[in-house]
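Novice: Sequence plus predicted model, see below.
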Amino acid sequence: MKNKIFSILLILISVSIYSNSQVNKPSSEYQSTSFKVFGACEQCKDRIEHGLKLKGIKSAVWDIDSKQLSLVYNPSIIPLEKIENKIVGLGHDIEHKKAKKIIYDALPSCCHYREIDEQIKVIALDSSIAFHTPNLTSQMDSTKAELPVRHTNQFIQGLVLEEAMNGKFKPLTSASVYWLGTNKGVVSDSLGIFKIALDTNHTRLVVSYTGLQSDTIAVTDINELKIILASKNQLKEVTVKSRQRFTYASPISTIRSQVMTGGELLKAACCNLSESFETNPSVDVSYNDAVTGSKQIQLLGLSGNYTQLTVENLPGPRGIATPLGLNSIAGPWIESIQLTKGVGSVANGFESIAGQINVELKKPESAEKLLANIYINDQGKTDLNLNLAQKLNAKWSTALLLHDDFLNNKKLDMNMDGFRDLPTGNQLSLLNRYKYDNSKGLMAQFGLKVMNDQRVGGQTQFNPATDKNTTNYYGLGIDTKRYELFGKIGYVFPQQKYKSIGLQMAAIDHQQDSYFGLTTYNAQQKSFYSNLIYQSIIGTTIHKYRAGLSFQYDNYHENFKGSLYDRKEIVPGAFFEYTFTPTEKFGAVLGMRADHNSLFGSFLTPRINLRYEPIKGTVLRASFGRGQRTANIFAENNSVFVSSRQVSIITSGVGKAYGLNPEVAWNKGISIDQKFKLFAKDATFSVDFFRNDFQNQVVVDVENPREVKFYNLNGKSYSNSFQAELNVTPLNRFDVRIAYRYFDVKTTYSGSLLDRPLIAKDRAFLSFDYATDNGWKMNYTVTYNGKKRLPNTTANPIPYQLDSFSPDYVNMNAQLTKSFGNKIPMDLYMGVENLGNFYQQNPIVAASQPFGQYFDASMVWGPITGRMFYMGWRLKIK
C-alpha cells in the first residue's frame, strides 16, 4: 500500500514539475525545470551551483533542505542530459544516475550524503528502535565535519527526524530545542542536527515543531546519546545505548593517539599533570628523588626526557623546566590529554623519540563560566583553583585560570630518616587567554601564563634563614619563575574547508635559582618558537598535505657549582607531510623534516605512519621514524644535585652542548585494536609493540656510587615495549580495564650492556569504574610493579650498599565522588592513595651523613610516602 502511495506521489510531483516548467518558461529559447540532486551541506551547494556556470545555463539554484535543483537553461545550447552528466561528474547523485565511487569518495567528509542518509535510517522492531551510526567517539581531524550525533564535554548533540508516509525518516529542519524554563535554545539545521550547550542548572530539554506536539525530555545522563524522532504528530525520545569512554583511541586516525577526556581526569584528584596518569596503564609516573618532590614520566621504558610534551601543540615544559614541568600544569586547567606512542607528525617538530603528550587546556568559548576546586590531604597539602570564562560578544571570548597549592608541614617524615618526604612551599600560577572567531574562517587566540614556585626541603630541622649554605643541617631551596606568551592565528578558506593556513608562536622565560646542601645550581632559559602550517589537497581529499616552516630559539645560561655552561641553539626548519586515504580501510601519513641546528648542523627527520582495517572493527597500525634532541644533563638528572657523587663529563668536542653530541633514535612500532561485543556491550582489546634503537645517546652512568658520568654512547642502547589492554563493561555503568606491560631496556655502560636501572620489566594494571543514576562515581585502581635493577653500590661500605634489585610491590588508589545540585551543581570527592601503605623504607643512602661522601637521595624505586587520604569540593557553573 505504501509503495502504491509513493508511486502516485512521484507521478503527481512529476506532473507538477512538468506543468511548472511550461508555465514558467522565460522565453522561447530558455526552459525552467527542477529535479532532485543529492547533497548535504553548504560546500555541496557551492560545488553544484559553481559547476553549472556553463554556456546555455541562465541560473542554477540548489536548495539544501529539499535537495531540489531549480534550473533555467537553453536546451538548444546544452541538453538536459549533458547537465545531468555534469552534476554526476561533480560527485552528486540524481534520482536515475549515480556518481562514480572514486569521484564521490574524493568529496570532503561533510559532503558524504550517502553516509548521512544511512545514518538516519531507523529500524523499528515492536516498541524498540535501534539507531545506526558510525563510531561516535572517533576523533575527527580538521578536514572532517562532526558526526551527526555525539556527546562532548560541553554539548549535547542530537538529531530530529520526521517519519514519512512510507515509513522512512527524514531530517526535521528548524525544530526548536531549548532548556525548560529558559530562553537558551537552538534550532536543528538542514540535516536535522542540533547542538546545545550543557546547562547544569537544568535537566529537561523541550523539543517543539510547528504541527507536532512538543515533548519534554529528562536528561539524566549526558553520556547517553539522545535521538529525537517525530512520528504521528508526536515527538518522542530514543536513547542510543552507547557511552563514550573517558579514554579512547580514534579508530579512523592513521596516527594512533589515545585521548584522555576530562571525565578520565576526574577519576583521581589530579592536582597537576603528573597525577593525571594514575588511571592510565601506558604511562609511569615516579619521583625523581627522595627530597625535591619533582616527578617524571616514563613512556616505552624511557624517561620523560624522550617524550615530547606540548600544550595545545606548542612547546610545553622542556629544557631546564623538565624536572618540575609536570607539576607546573594544574589539573583543573586541563580539558583533555592526547597520548601518542612512537613517532607522531613531523609538523610538531623533531624531538619526539618515545612519543608525544599533548595537553589541551580549557578553552574560553567552551569552558565553564566558573569552576572552583578545593583539595586538601592529610599530609597538609592544599590546592585552590578558580577558572573563569566569559563570552565577551559574538566574536570574542576570554578565560582566566588561577591555581595555588601549598604545603607547610615541615615534619612530614613517614620513614623517620630525618628528612622531609616532600618539600614545603607554595606554587602560584595563572593563565589569561583570549580567543577571536569571526565565523567566516578567521580565528585567533593569545594568552599569558605566569608561574611562581618556591620550595624548601631537606632535613626536618633545616631553617633556611640560619642553615643555608652551611653544614648545620642539609637543606634545599628551589625558586622558580616562569613567564610564557603564546599566540595562534589561522584561516580556513570558506569555500574550500580542506584548505587552511595557521601560525603558532610562543615565547618563554624560565628562571630557576636553587641550592642542594652545598651545591648551587642557577639557570635561565629563554626560548622562542614559531610554526607556520599550510594544508590543502592535491586534486581530491584522497591526497592531503601539510607543509610549513618552523623556528626554535633556545638560550641557556647555567651555573653549576660556580662553573658556567652557556649555549645558544637556533634551529630553523621546514617540513612536508602527505596523507593518503584512498579508502576507509587504508591510510598513510608520510612526513619529512629538514632542520639546521646551529650547534650540530643539518639533519633530516623522516616519519611514516600506516593504518589498515582489514575487517570492520579491526585496526592495524605501523609507524617508523627518527627523533633527535639535545640533552640537558643537569636539569634532567637530579642525581647530580641530591648526592655526593662527583660529576664527570667525557666530552667529544668543543662548541657542542656540554661537549656532547645530540641524542638520535629510530622508533618502530606496530599496534592492533580490536572492537567486539562482550556481555552484550562494546569492548576493546589492543596490543602494541615499540622498539627504540639509539644511534647516539648521552649515557648517564651511575654504576659507580661515588660518581655520575655523562658520555656519548659507545655500543648498543635500545628499548622494547609490549603492552596488552582490555576494556570491558560487564554491567551498565561498570567499566573494567585490565592491562599488562613488559619492558626490555638496555644500555651499554662502560663497555657492558646492562638493564637500565630503576625500570620495572613487568607491570600489571587493573581499574574498576562504576557510576550510579543518582550521582555516585567510584574508581578503584590496582597496579603491580615488578622488581627493578638498582645501580651497583658494592664500592660503598656494607651499611650503605643496596640490593641488586628492588622488591616488587602493589599500589592501590581509590576515589568516591558524589555529584548533586541542579541549580548549583557541585561534587564532593574523597579518596586514598597508596591504600596498602607500602613505601620505600630507606630511600636516602647515608641519610644520617648528608654531607658525607656516601650520601645519595636519587636511588628511588618506589613510593616515598605511605597511605594518604584526601578530600575535595568542586563547583561548576556553565
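Specialist: Right, received. Where do you want to start? What you see is a predicted model, and the numbers here were worked out from it, not measured in a lab.
Novice: Mind exporting the C-alpha coordinates of the host helix or strand of residue 725 to PDB?
Specialist: In this assignment (DSSP states H and E), residue 725 forms part of strand 717-731. Taking C-alpha atoms only, strand 717-731 is exported to PDB below (Å, rounded to 0.1, in the frame of the first residue of the first chain):
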ATOM      1  CA  SER A 717      71.200   1.100  23.600                       C
ATOM      2  CA  TYR A 718      67.600   0.100  22.900                       C
ATOM      3  CA  SER A 719      64.200  -0.300  24.500                       C
ATOM      4  CA  ASN A 720      61.500  -2.900  23.700                       C
ATOM      5  CA  SER A 721      58.000  -2.200  25.000                       C
ATOM      6  CA  PHE A 722      55.000  -4.600  24.800                       C
ATOM      7  CA  GLN A 723      51.500  -3.800  26.100                       C
ATOM      8  CA  ALA A 724      48.100  -5.600  26.000                       C
ATOM      9  CA  GLU A 725      45.000  -3.900  27.200                       C
ATOM     10  CA  LEU A 726      41.300  -5.000  27.600                       C
ATOM     11  CA  ASN A 727      38.400  -2.700  28.200                       C
ATOM     12  CA  VAL A 728      35.000  -4.200  29.000                       C
ATOM     13  CA  THR A 729      31.700  -3.200  30.500                       C
ATOM     14  CA  PRO A 730      30.200  -6.200  32.300                       C
ATOM     15  CA  LEU A 731      27.300  -4.200  33.700                       C
END
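Novice: Show me the strands in the stretch 201-350 of the chain, by range?
Specialist: For the stretch 201-350 of the chain, the strands defined by DSSP state E, counting those that start in this stretch occupy 204-209, 212-218, 224-231, 234-243, 247-249, 257-260, 284-287, 295-299, 302-303, 307-311, 314-315, 334-341.
Novice: measure residue 402 to residue 333 for me?
Specialist: Distance of residue 402 to residue 333, computed by CB to CB, to the nearest Å: 9 Å. Where you see a C-beta, it was placed from the backbone N, CA and C, and this is true even at glycine.
Novice: For these two, indicate the residue with more neighbours.
Specialist: residue 333 (24 against 18; other CB atoms under 10 Å).
Novice: got the contact list for the more buried one?
Specialist: Residue 333 is in contact with 361-362, 385, 387, 401, 403, 431, counting by CB atoms under 8 Å, 6 or more residues apart in numbering.
Novice: any chance of those in JSON lines, with secondary structure and pLDDT too?
Specialist: Formatted as JSON lines, these follow (DSSP: H, G, I helix; E, B strand; the rest coil; pLDDT from 0 to 100):
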{"residue": "361", "secondary structure": "strand", "pLDDT": "93"}
{"residue": "362", "secondary structure": "coil", "pLDDT": "92"}
{"residue": "385", "secondary structure": "strand", "pLDDT": "96"}
{"residue": "387", "secondary structure": "strand", "pLDDT": "96"}
{"residue": "401", "secondary structure": "strand", "pLDDT": "97"}
{"residue": "403", "secondary structure": "strand", "pLDDT": "96"}
{"residue": "431", "secondary structure": "strand", "pLDDT": "97"}
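Novice: between those residues, which is nearest residue 637?
Specialist: Nearest to residue 637, judged by CB to CB, of the contacts of residue 333 is residue 403 at 27.7 Å.
Novice: Okay, buried residues for stretch 474-482 please.
Specialist: Buried residues in stretch 474-482, counted by 16 or more other CB atoms under 10 Å: 474-480, 482.
Novice: now stretch 718-726
Specialist: Going by 16+ other CB under 10 Å, stretch 718-726 has these buried residues: 718-721, 723-726.
Novice: and what of stretch 555-571?
Specialist: For stretch 555-571, by 16+ other CB under 10 Å, it's 556-560, 565, 567, 569, 571.
Novice: Just the closest of those residues to residue 314, please.
Specialist: Nearest member of the buried residues of stretch 555-571 to residue 314, counting by CB to CB, is residue 571, at 15.5 Å.
Novice: Read off the pLDDT value for that closest one.
Specialist: In this model, residue 571 is scored at 98, pLDDT.
Novice: Helix, strand, or coil at it?
Specialist: The three-state label given to residue 571 by DSSP: H, G, I helix; E, B strand; the rest coil is strand.
Novice: Please list all residues in contact with the closest residue to it other than its chain neighbours.
Specialist: Among residues not flanking residue 571 along the chain, residue 552 sits closest, at 4.4 Å (CB to CB, 6 or more residues apart in numbering). Counting by CB under 8 Å, 6+ apart, residue 552 makes contact with 315, 349, 527-529, 569-573.
Novice: Residue 459 too?
Specialist: Counting by CB under 8 Å, 6+ apart, residue 459 makes contact with 418-420, 473-475, 850.
Novice: change it to 6 Å
Specialist: When contacts are counted by CB atoms under 6 Å, 6 or more residues apart in numbering, residue 459 touches 418-419, 473-474.
Novice: what's around the residue lying closest to it once chain neighbours are set aside, how many residues?
Specialist: Closest residue to residue 459 apart from its sequence neighbours, by CB to CB, 6+ apart: residue 473 at 4.5 Å. By other CB under 10 Å, 20 other residues sit near residue 473.
Novice: Now do the SS call for residue 473.
Specialist: Judged by three-state DSSP, the three-state class of residue 473 is coil.
Novice: And it, how far from residue 466?
Specialist: For residue 473, the distance to residue 466 equals 9 Å [CB to CB].
Novice: ok, now residue 567?
Specialist: Counting by CB to CB, the gap from residue 567 to residue 466 is 37 Å.
Novice: roughly how far is the host helix or strand of residue 770 from the heart of the chain?
Specialist: Secondary structure assignment for residue 770, by DSSP H and E: strand 762-771. Its chain's average C-alpha position is 21 Å from that of strand 762-771, according to CA atoms, centre = their mean, to the nearest Å.
Novice: Numbering from 24 from now on, please.
Specialist: OK, 24 is where the count begins now, so the last one is strand 785-794.
Novice: Show me what that strand is packed against.
Specialist: strand 757-772, strand 799-808 (3 or more CB pairs under 6 Å, 6 or more residues apart in numbering; DSSP states H and E).
Novice: For those strands, give me a markdown table that also has mean pLDDT, distance to residue 708 and mean neighbour count.
Specialist: Formatted as a markdown table, these follow (pLDDT from 0 to 100; distance: least, CB to CB, whole Å; neighbours: other CB atoms under 10 Å):
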| stretch | mean pLDDT | distance to residue 708 | mean neighbour count |
| --- | --- | --- | --- |
| strand 757-772 | 96 | 10 | 19 |
| strand 799-808 | 96 | 19 | 18 |
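Novice: Ok, which of the ones you listed comes nearest residue 391?
Specialist: strand 799-808 (18.1 Å).
Novice: Given the closest one, what are its sheet partners and their directions?
Specialist: Its sheet considered, strand 799-808 pairs with strand 785-794 (antiparallel), strand 832-843 (antiparallel) by DSSP bridges.
Novice: any chance of those in CSV, with distance to residue 609 and mean neighbour count too?
Specialist: Formatted as CSV, these follow (distance: least, CB to CB, whole Å; neighbours: other CB atoms under 10 Å):
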stretch, distance to residue 609, mean neighbour count
strand 785-794, 32, 18
strand 832-843, 41, 17
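Novice: which residues touch the closest residue to residue 725 other than its chain neighbours?
Specialist: Residue nearest to residue 725 in three dimensions, not counting chain neighbours: residue 814, with 4.7 Å by CB to CB, 6+ apart. When contacts are counted by CB under 6 Å, 6+ apart, residue 814 is found next to 725-726, 780.
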